[in-house]
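[1] Coordinates for the following, if possible.
(2 chains)
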Amino acid sequence: MRVNFTVNGRPQEADDVWEGESLLYVLRERLGLPGSKNACEQGECGSCTVRLDGVPVCSCLVAAGQVEGREVVTVEGLAEYAAQRSCGTGACEAGACGTESGGTSLDEARRWSAQGARGTDSQTGEGVELAPVQQAFIDAGAVQCGFCTPGLLVAADEMLERNPDPTDADIREALSGNLCRCTGYETIMDAVRLAAARQSEGA
Amino acid sequence: MGTTGLPANITQGSRTKGGIGESTLRPDGTLKVTGEFAYSSDMWHEDMLWGHILRSTVAHADIVSIDTAEALATPGVYAVMTYDDLPTEVKNYGLEIQDTPVLAHGKVRHHGEPVAIVAADHPETARRAAAKIKVEYRELPVITDEASATAPDAILIHENRTDHHIGHVPHPNIVHRQPIVRGDVAEARERADFIVEGEYVFGMQDQAFLGPESGLAVPAEDGGVDLYIATQWLHSDLRQIAPVLGLPEDKVRMTLAGVGGAFGGREDLSMQIHACLLALRTGKPVKIVYNRFESFFGHVHRHPAKLHYEHGATRDGKLTHVKCRIVLDGGAYASASPAVVGNASSLGVGPYVVDDVDIEAIALYTNNPPCGAMRGFGAVQACFAYEAQMDKLADAVGMDRVEFRQRNAMSQGTLLPTGQVVDSPAPVAELLRRVKAMPLPPERQWESSEGADVRQLPGGLSNTTHGEGVVRGVGYAVGIKNVGFSEGFDDYSTARVRLEAVAGEPVVTVHTAMAEVGQGGVTVHAQIARTELGVTQVTIHPADTQVGSAGSTSASRQTYVTGGAVKNACELVREQVLEMGRRKFGTYHPAWATAELLLEGGKVVTDAGEALADLVDVLGDEAVELEREWRHRPTEPFDLRTGQGNGHVQYSFAAHRAVVEVDTELGLVKVIELACAQDVGKALNPLSVVGQIQGGTTQGLGVAVMEEIVVDPKTAKVKNPSFTDYLIPTILDTPTIPVDVLELADEHAPYGLRGIGEAPTLSSTPAVLAAIRNATGLELNRTPVRPEHLTGTA
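    Residues are numbered from 1 along each chain as shown, chains lettered A, B, ... in the order given. I've put the predicted structure just below:
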C-alpha cells in the first residue's frame, strides 16, 4: 500500500508498504530516518518514541497505515519543532511563567554552560542547531551509548512543553516509559533539570 | 553535577584545553542527540537483503532431519543455508574454546541455538520463510544443574573434548575448575571463635544493552566481504570469522558501526558469520537485525551461580579463614567461562585480609543458555555471597558491620589468596568510611502537605501504600575487581597517531580499533592526545581492522590499555617532532639543546614556559605518523592445583551504601538512595567517570530486585525473553546515586588511572540485599529478591 503523511513538517510518501509494517519500520527503512530506535519493538523501552499529532507514542506499536494523513515528529525534526514552538505562542510560556525552579537552579545551569570544554573534533557536528533539551543532554553527560537518547529527547521535550517547571518526581514519571541501560538516569535527570532551567531563563 | 566529593585537583591536567582531567564532552554527542549517529542496525545499502536465523525450539535434541525446500521456494527468498552449506572445514567458533557451531550439526544443545539462516528481500519474508523450514528433533534429557551434569550416566554436552582444560577437570561436563589454596584452613578453623556458613544463589542476569545485535555484510569484488558491525573487539571477531568463510583476514574488512551498549554481551559473535555467509552466497549486501526476543537468545548472559561459604573470626573481629565453593552455570558452550572461573576464585574472598583460604570454583556445561562475559565477570557473584557472609559474621561477633569490614580490609601490600601482592593503593577502609559519612536521605520523603506522593513509595503509581507497612533499611558492601585480562593473557593494544598541519593549524588523528560502546573511550583518547601533543584539534578515526588490535572493550581495560597505547604513540610522535624542530631551528635558540621541551598550545615550549616555535612551522608539509603496540605489566597463569600466581594487573575498589524502603505487607521494595565511593586512580574525564559509576551501580540494583532470565528446570527453555517479562530498572526504580570519587594513583598505570567500569556493579547488589535484610530481618540468600521472598509466599 501507499502511505502519505507528514514527517517533521514535510509531506512524505511511502510506497510498497506491507500492511504489517510499523511506523518505526517505515521511518527507518523506507524514509531514511533511522533516528527513532529499535531497541525492543514491543512497546516496552521507548527508544522509538515519536510525536503523532503531538502525542508521544511508541512508533513500533503504530501500524504504518494508521498514520495516513497525520503528522509525525521524530528526533531528526526535534530541533526545528522546538524552535518553531519558541517562535510561536509558546515563547512566553517558559520565560514569563517559569517563576519557580523545580529542579536545577539557574546558577547550576550556568555552571554547566561554563563547564563546556568542547573540542573542535570533526565528529561533533558543531554549528548544528539543537533543541534546548538536546544541548542539555550533551552538556550534562546524559549520552553514553545513545541508543535510548532519541526516544528520551522526544519524551522529555514533550514533558517540558506541558510542564515547564517539573519537579524531580514529575520528570521521573514522564520518562518512566523510556529505558536507559548505561547512565543510571542521574545525568538524564540533570539534563532535564538543566533544560527546564535554561528554558525558564529564556536562553 | 549531582556528585559530591570530587577533589579540587580533579580538573588539573595539561595546559592545553580539553586535555586529561577535564570533563570534555563526547565528540559523538551531537550526532547522538540528532539521530544521525549510525548504529549497526541503521546501516542500509541499495539492493540489500535481510537475513533471518531459525533457532531451535528445544534445548537438547538430536536433529533427525532439516527440510528447507519450501522455504527456498518462497518468492523473495534468495538463499537458505544450513550446516551442510558451510564453505570450509572450520565450522565452529569461540572466544577461547572453539566449541560453538556456526549452525547446528546433528544436535542442538540449548534453546534458541541457530539451525538455519535465510536471506530475503524483506525481513518479514525472511522470517516467514524460516518458519517454513521443517526441523525434526529427537529430544534428549536436559542437563540443568551440577547434579545432572556430573551424574555417572550424564550425557556429555560435548563429546571428544580436546581443549586444554579437559586434562584437569573432574568431569567432561565441567568446563574449567580452579582451586585456590593457601595457608591451613583446618588449623585456622581451630582459632575461630565464630563460624558462619551460607548457601547463596545468584540468578541469570542479561546485559540488556539497548541496541540489538545487528550489522551489514557487503560482498566485495575481490571475493572478500566488508562487515559493518557492533562488537566489543573487532580483531577477536575477525580471528573467528575469517576461517569459517575460508577467507584470509585481509579480505574480511571490518568497521565498527555504532554500538548501542555492550556490557560483555558483545564479546562473543552473534550474527557476524551468518550475515557474511549469506552475503557471499547471494552476492548481495545482507543486513541482520535481531529483535528483543531474539536478542535474549543471541548473546551469552551472566553466569548464574550457587555459592557455599564458610567464614570464621576471632572474638576480636579478625577473620581466621574462608572456605568456599562456587558453581557457575556456563550453559551449552564455553564462551568466557574459564576466565569467569579465574575471577570468581581469585577474588572469591573479597577485599579482605585472610591468610587461610580454601576456594574452589567450577563452570558447568549444561543445556541452559550459554553464559559468558558481563560487567563484573565472576567477581559479581562472589561479592554478593562474601558480603552477605561479612554481615552475618559481624553480627555473630557482635560488631558494627562497617567496622568489622574495616578491621579486616586489605590495604597496599596485602596478599591475595593467589599469593599476589596488591602493590598499589587499596583504600578499602577509606571507601567504607566515606560512603558511611555521606548524609542519609531524610525519612518519609514521600510525605507532603497534600498527603503521600505515591510515586516515591514502594509500588509507586500502582498506589499500593500510603506509607502503611513501609520499613526503612540500610546496608553496606564493598568489592574488588581486577582490571584488564588476567592469567598470562597477552593483553596489548595498538594506536596509530598522526600529527600534521592542516590549513595552518596543527591537527592530530588518532586511529585505533577500540570499540566505543558508549563508555567514552573516544572522548578520553582525544583528551590524551591533547595533553601529550599540545594540540586542540584531535580527530578520532573510525575504528576498523586497518589498524592493529586494541583488545576488547571489556574488563574495565580500554582507558588503561588503549589509553596507554595512545599516550605511548603520542610520546613517540612528540620525540620525532622535537627532533625535527632541533634540526630546523636548533641553532636559533640554545634551549633546543638544553631544556626539557614540551608541546603545549600548538607550540614547542620549554619546561619554564618559553615558546620556541609554532608546531606548524616545525612540521611544514611533513606529517609525523606512527603505529605502535603497547603492553601493561605481564601476568601469569594460576597454578592449576594451588591457584597461586601473579595473575592480575590491577584492582578496582568501590563501596556502596543502600537505603531502601520495603512495603513488608506486599513485599515491594523501593531503593531510596544508592551512594557509592570509588577509587579511580586518576579521573581522566570526571563526568564520564561518574556516569560509569552510576550506570554500573544501577545494573547492580537491577539484579538485586528484578532482573533474572528464568529458565524452566524441566525443559531448559527460557521463559521470559522480552522486556515485558525481563525487567530492567526504569527511571522510577532508580534512586539518586551520590558518588564520592577518590583518586589515589596507581604508579604502574598511565597517569595513575584505574579501570573503573565494573567495580560499581559488584557492591551495589549486596548493599541493596543487606538493606532489605536490615528492613525485614529476613535471611534472603538469593538474588534477585522478589515479593514472594519477602512475604513468605515463595
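[2] Where in chain B is the helix or strand with the lowest mean pLDDT?
    One helix or strand of chain B scores below all others by mean pLDDT, DSSP states H and E: strand B:447-448, with a mean of 89.
[3] Identify the residues contacting that strand?
    With contacts defined as CB atoms under 8 Å, 6 or more residues apart in numbering or on different chains, strand B:447-448 is touched by B:D453, B:G467. In short, each C-beta sits where N, CA and C put it, glycine included.
[4] Whichever helix or strand comes after that strand pairs with which strands?
    Next along the chain after strand B:447-448, taking DSSP states H and E as the criterion, comes strand B:451-452. Applying DSSP bridges to the sheet, strand B:451-452 is found paired with strand B:447-448 (antiparallel).
[5] how far does the partner strand sit from the chain's center?
    Its chain's C-alpha centre and that of strand B:447-448 lie 40 Å apart, by CA atoms, centre = their mean, to the nearest Å.
[6] Also stretch B:323-331?
    Computed by CA atoms, centre = their mean, the chain-centroid distance of stretch B:323-331 equals 19 Å.
[7] Give the rounded mean pLDDT of it.
    Across stretch B:323-331, the average pLDDT comes to 98.
[8] how far away is B:V669 from A:V50?
    34 Å (CB to CB, to the nearest Å).
[9] scratch that, B:V710 is what I was asking about
    Going from B:V710 to A:V50 by CB to CB gives 33 Å.
[10] So between B:V669 and A:V50, which is more surrounded?
    Set side by side, B:V669 and A:V50 give different neighbour counts by other CB atoms under 10 Å in any protein chain shown, the larger being at A:V50 (31 against 28).
[11] Please report the distance of that one from A:A64.
    Counting by CB to CB, the gap from A:V50 to A:A64 is 12 Å.
[12] Need the residues touching each of the two.
    Each of A:L23 lies in contact with both A:V50 and A:A64 under the rule CB under 8 Å, 6+ apart.
[13] burial of residue 57, as a residue count?
    Since no chain was named, I'll use chain A. Counted by other CB under 10 Å, the residues lying close to A:V57 total 19.
[14] please go with chain B instead
    Using other CB under 10 Å, B:T57 has 14 neighbouring residues.
[15] Then B:A396?
    Residues near B:A396, counting by other CB under 10 Å, number 16.
[16] And it, which helix or strand is it part of?
    Going by DSSP H and E, B:A396 is in helix B:379-397.
[17] and that helix, C-alpha only, in PDB?
    The C-alpha trace of helix B:379-397 is given here as PDB (Å, rounded to 0.1, in the frame of the first residue of the first chain):
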ATOM      1  CA  ALA B 379      33.600 -11.100  40.800                       C
ATOM      2  CA  VAL B 380      30.000 -10.000  40.900                       C
ATOM      3  CA  GLN B 381      28.600 -13.400  42.000                       C
ATOM      4  CA  ALA B 382      31.300 -13.900  44.600                       C
ATOM      5  CA  CYS B 383      30.800 -10.300  46.100                       C
ATOM      6  CA  PHE B 384      27.100 -11.000  46.600                       C
ATOM      7  CA  ALA B 385      27.900 -14.000  48.700                       C
ATOM      8  CA  TYR B 386      31.000 -12.900  50.700                       C
ATOM      9  CA  GLU B 387      29.400  -9.600  51.600                       C
ATOM     10  CA  ALA B 388      26.300 -11.400  53.000                       C
ATOM     11  CA  GLN B 389      28.700 -13.500  55.000                       C
ATOM     12  CA  MET B 390      30.600 -10.500  56.300                       C
ATOM     13  CA  ASP B 391      27.300  -9.100  57.700                       C
ATOM     14  CA  LYS B 392      26.500 -12.500  59.300                       C
ATOM     15  CA  LEU B 393      29.900 -12.800  60.800                       C
ATOM     16  CA  ALA B 394      29.900  -9.200  62.100                       C
ATOM     17  CA  ASP B 395      26.500  -9.900  63.800                       C
ATOM     18  CA  ALA B 396      27.900 -13.100  65.300                       C
ATOM     19  CA  VAL B 397      31.000 -11.300  66.700                       C
END
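[18] Buried residues, whatever helix or strand comes next after it. List them.
    Downstream of helix B:379-397, the first helix or strand assigned by DSSP H and E is helix B:401-408. Within helix B:401-408, the residues that count as buried by 16 or more other CB atoms under 10 Å in any protein chain shown are B:R401, B:V402, B:F404, B:R405, B:Q406, B:R407, B:N408.
[19] what's the answer for stretch B:599-607, then?
    Residues of stretch B:599-607 classed as buried: B:L599, B:E600, B:G601, B:G602, B:K603, B:V604, B:V605, B:T606 (neighbour count, 16+ other CB under 10 Å).
[20] Just checking the distance from it to the centre of its chain.
    With CA atoms, centre = their mean as the basis, stretch B:599-607 stands 39 Å off its chain's centre.
[21] now swap in stretch A:137-155 and tell me
    8 Å.
[22] returning to that earlier point: the helix holding B:A396 to helix B:401-408, inter-axis angle?
    Per axes from the mean of the first three to the mean of the last three CA atoms, to 10 degrees, the angle that helix B:379-397 makes with helix B:401-408 is 100 degrees.
[23] Could you list the domains of chain A?
    What automatic domain parsing lists as the domains of chain A is A:3-73, A:81-201.
[24] Would you single out the least confident of these?
    Confidence, taken as mean pLDDT, is least for domain A:81-201 of those (a mean of 77).
[25] State the distance from the closest residue to chain B within chain A to A:V75.
    In chain A, the residue found nearest to chain B is A:G35; the distance is 2.0 Å by CB to the nearest CB. A:G35 sits 4 Å away from A:V75, going by CB to CB.
[26] and these two? which has more neighbours close in?
    Using other CB under 10 Å as the criterion, A:G35 and A:V75 rank with A:V75 on top: 30 against 26.
[27] B:V671 - nearest residue in space that isn't next to it in sequence?
    B:P735 (4.7 Å; CB to CB, 6 or more residues apart in numbering or on different chains).
[28] How many residues are close by that neighbour?
    Around B:P735 there are 25 residues (other CB under 10 Å).
[29] mind listing what the closest residue to B:H789 other than its chain neighbours touches?
    Excluding the flanking residues, the one nearest B:H789 by CB to CB, 6+ apart is B:L780, at 6.4 Å. Neighbouring residues of B:L780 by CB under 8 Å, 6+ apart: B:L769, B:I772, B:R773, B:H789.
[30] helix/strand/coil for B:L780?
    Three-state assignment for B:L780 (DSSP: H, G, I helix; E, B strand; the rest coil): coil.
[31] need the residues of the stretch 51-200 of chain B near chain A, please.
    Residues of the stretch 51-200 of chain B lying close to chain A by CB under 8 Å from any CB of the partner chain are B:H122, B:E124.
[32] Where does pLDDT dip in the stretch 51-200 of chain B?
    Scanning the stretch 51-200 of chain B for pLDDT under 70 picks out no residues.
[33] got the residue ranges for the helices in it?
    Per DSSP state H, counting those that start in this stretch, the stretch 51-200 of chain B carries helices over the ranges B:69-72, B:123-131, B:146-150, B:185-191.
[34] For the first one, give me every contacting residue.
    Which is helix B:69-72. Contacting residues not belonging to helix B:69-72 are listed as B:V77, B:V80, B:A116, B:V118, B:A129, B:A130, B:K132, B:I133, B:K134 [CB under 8 Å, 6+ apart].
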